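> pasting the sequence and the predicted coordinates here, then a few questions.
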Amino acid sequence: MKWYESFRKMSLNHKLALALFLFGFIALFAGDPYGGARTEINTKEMALIVEKQVDHVSAVELADWIIKNRADYRLVDLRTEKEFAEYAIPTAENIPLTGLTDAGLQRNEKIILYSEGGIHSAQAWFLLKAKGYKSVYMLFGGLDEWKDQVLFPTQPENPSPEQLAVFAKAKEVSKYFGGTPQTGAESAVTRPQSAMPKLSLPTGGVGTQRPRAKKKEGC
Amino acid sequence: MSAPFYKYGLFNDEVSLIVAVFIGLGFGFFLERAGFGNGRKLAAQFYFTDMTVLKVMFTAIVTAMVGVYYLSIFGFLDLSLVYVTPTNLVPQITGGLILGIGFVIGGYCPGTACVSASTGRYDGWAYVAGLFAGILFFGEVFHLFEKFYTSTAMGKVTLPQLFHLPYGLMVFLVCIMALGAFAAAEWGEKKMAAKKED
C-alpha cells in the first residue's frame, strides 16, 4: 500500500494533474468521437420506419412546401452534376451519394432526398439514418413521380367532381413550376419528353430564399 | 437524451437566452473567484510574475476538451453539432495581437473587463465603455476591411484535421502540453519570486 500512501500525500493539484494524464492516456485508445466511417444501427427500428412508411414525402406535398417558401428543410438531389444542371426541383442542392456524409448536412435538420427513381434515394436514406441523422425523408417515386404528379399531371378519364377539383389545383401547381398539365385521352401519347421546364423557372421567389437560414453563432 | 440540447430542439431561442444568462453569470463568478476582476493580477501574467491566467485558462481548455471528448465517446453529445468557429488565419492573428496589446496596456480582456466592472472597479467601467465604443466603431467601418476580414479562410478546422492525427492522440498531446505548461509556470513563478527577494 505504499503507492496509496504516496497518492494520499500528493497535493490536490498533483492529483488533478495525474487525473488529466490518465484521461489523456485513455483517450489514445478510446477512438474518434465523430465516429469515422464505421457505425452501428438498430435494424429493428429501421425496419419499423420502413414498414410504417413514415419516411417519405410525396411530390405534391413537396411542391406545396416549395410554393409556400418553407425554409425548414434541405432538398438533396443525388443525381450527377450533369443531370442536375439539366433540370432539378427548385430549392434542391446537388450532393452525390459518396459525398453525402461530408456535405455539411446537420443531424437535426429535415433532409429530403431524391434521385431519378427511388433506388438511390432509398440507399442514401439508409446511409444517413445509419449515421444518426434524425429526420431524413425520401421523395416518394423520385423525380419520375415529380414529373407525373407535379409537372405533367394527367386528368383522369371520366373524372368525378372531386377528381376534377383535385386536378384543377394540380394544374395551377404545374403551371407554377413551368410544367404542362395533360388533359384528354391523347395525353399519354403526346406527353413530350422534351418539355422539361427550363431551370430558371419558376420565378416568383422560389429558390431565392435558401432554406439555410443559418443563425449567427459563436462568441 | 443527448446534447447539444438547443440543437435537438429541447428549448427555443428565448429560453436559450435565459440559459445564456445563467452560463454567463457562472462564467463571470468563476473568473472573479480566480482573481480575474483585478487588472493588476491579469497584467502580471505578461511580466511572468503571476502565471494564474495561463493556469486557469489552460485548465478550462483541457477540462472542456476532456469533458467533450468523453461525453461524445459515450454518446451523450453529438460533436458534429457543436459549433466550430471558422478559421481565417491572418485576420485572426491580427485580431489576437490587437487584443493582446489592449490586454497589456489596460489589464483586461473583454470578459474580465465585465467582471471587474460588475465588482465596481472604475477601470473596469472605462474598459466596458471602450468595448461598446469599439464595437460601434468596428460596425461602422467594417465595409472598409471586409475583404481582409474574410481573407485566408480555412473553414472549420480542428487540430486533428489540421495535423492529420487521430483524435485520441491529439487529446493526449494537448493534455501533455497542458501539464508541461503548468509545470513550467510553477517553476517560473518560483524563479521570479526568488529574483524579487534578491
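Now that the structure is in, tell me what you want to look at.
> hey, let's count contacts and neighbours off CA atoms from now on
Will do.
> mind checking the SS state of B:Leu10?
Following DSSP: H, G, I helix; E, B strand; the rest coil, the label given to B:Leu10 is coil.
> what about it, distance to chain A?
12 Å (CA to the nearest CA, to the nearest Å).
> helix or strand right after the host helix or strand of B:Glu146?
Assessed by DSSP states H and E, B:Glu146 sits inside helix B:146-149. For helix B:146-149, the following helix or strand on the C-terminal side (DSSP H and E) is strand B:153-155.
> how about the strands in chain A?
A:56-57, A:73-77, A:92-94, A:110-114, A:135-139 (DSSP state E).
> show me what the third one is packed against.
With contacts defined as 3 or more CA pairs under 8 Å, 6 or more residues apart in numbering or on different chains; DSSP states H and E, the packing partners of strand A:92-94 are strand A:73-77.
> quick one: the strand it packs on near chain B?
No: contact of strand A:73-77 with chain B (CA under 8 Å from any CA of the partner chain) is absent, the minimum separation being 14.7 Å.
> tell me where the chain has helices.
Assuming you mean chain A. Assigned by DSSP state H, the helices in chain A fall at A:2-9, A:12-30, A:43-52, A:59-67, A:81-86, A:119-130, A:142-146, A:161-176, A:187-190.
> meant chain B actually
Under DSSP H, chain B gives helices at B:13-33, B:39-44, B:52-73, B:89-106, B:110-118, B:122-141, B:146-149, B:159-163, B:167-197.
> how far off centre is the last one?
What that stands for is helix B:167-197. 18 Å (CA atoms, centre = their mean, to the nearest Å).
> sorry, back to before: the helices of chain B: which one's closest to chain A?
helix B:167-197 (4.1 Å; CA to the nearest CA).
> counting by contacts, list what the closest one packs against.
Checking 3+ CA pairs under 8 Å, 6+ apart, helix B:167-197 ends up next to helix A:12-30, helix B:52-73, helix B:159-163.
> near chain A, which residues of chain B? Just list them.
So chain B meets chain A at B:7-8, B:66, B:69-70, B:72-73, B:78-81, B:83-85, B:166-169, B:171-173, B:175-176, B:179 (CA under 8 Å from any CA).
> count of neighbours near A:Arg76?
Just to correct that, residue A:76 is Val rather than Arg. Other residues lying near A:Val76 total 25 when counted by other CA atoms under 10 Å in any protein chain shown.
> let me see the contact set for B:Ala44.
Going by CA atoms under 8 Å, 6 or more residues apart in numbering or on different chains, B:Ala44 touches B:Asp50, B:Met51.
> what number of residues lie near B:Val171?
Quick note: B:Val171 (other CA under 10 Å) scores 23 neighbours.
> OK, contacts around the nearest residue to it once chain neighbours are set aside?
Leaving aside its sequence neighbours, B:Val171 sits nearest to A:Gly24 (CA to CA, 6 or more residues apart in numbering or on different chains; 5.9 Å). Contact analysis of A:Gly24 by CA under 8 Å, 6+ apart lists B:Val66, B:Gly168, B:Val171, B:Phe172, B:Leu173, B:Cys175, B:Ile176.
> could you rerun that using 6 Å?
Contacts for A:Gly24 (CA atoms under 6 Å, 6 or more residues apart in numbering or on different chains) come out as B:Val171, B:Phe172, B:Cys175.
> got the helices and strands packed on helix B:167-197 as TSV, with mean pLDDT columns?
Shown next, in TSV, are the helices and strands packed on helix B:167-197 (pLDDT from 0 to 100):
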stretch	mean pLDDT
helix A:12-30	89
helix B:52-73	91
helix B:159-163	86
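> tell me which of those lies nearest to A:Gly132.
Of all the helices and strands packed on helix B:167-197, helix B:52-73 sits nearest to A:Gly132, with 13.2 Å by CA to CA.
> ok, and what's touching the closest one?
Residues contacting helix B:52-73 (CA under 6 Å, 6+ apart): A:Pro33, B:Leu77, B:Asp78.
> distance check, the first one against A:Asn42.
Plainly put, A:Pro33 is 19 Å away from A:Asn42 if you go by CA to CA, to the nearest Å.
> cool, and the second one?
Between B:Leu77 and A:Asn42 the distance is 19 Å, computed by CA to CA.
> list the residue ranges of the chain that fall below the pLDDT cut-off.
Just going to use chain A. A:35-40, A:183-219 (pLDDT under 70).
> I was thinking of chain B, sorry if that wasn't clear
In chain B (pLDDT under 70), the answer is B:1-3, B:7-9, B:198.
> now with 80, please.
B:1-12, B:75, B:78-81, B:155-156, B:196-198 (pLDDT under 80).
> give me the most central residue, it.
Most central in chain B under CA atoms, centre = their mean is B:Met57, positioned 7.0 Å from the mean C-alpha point.
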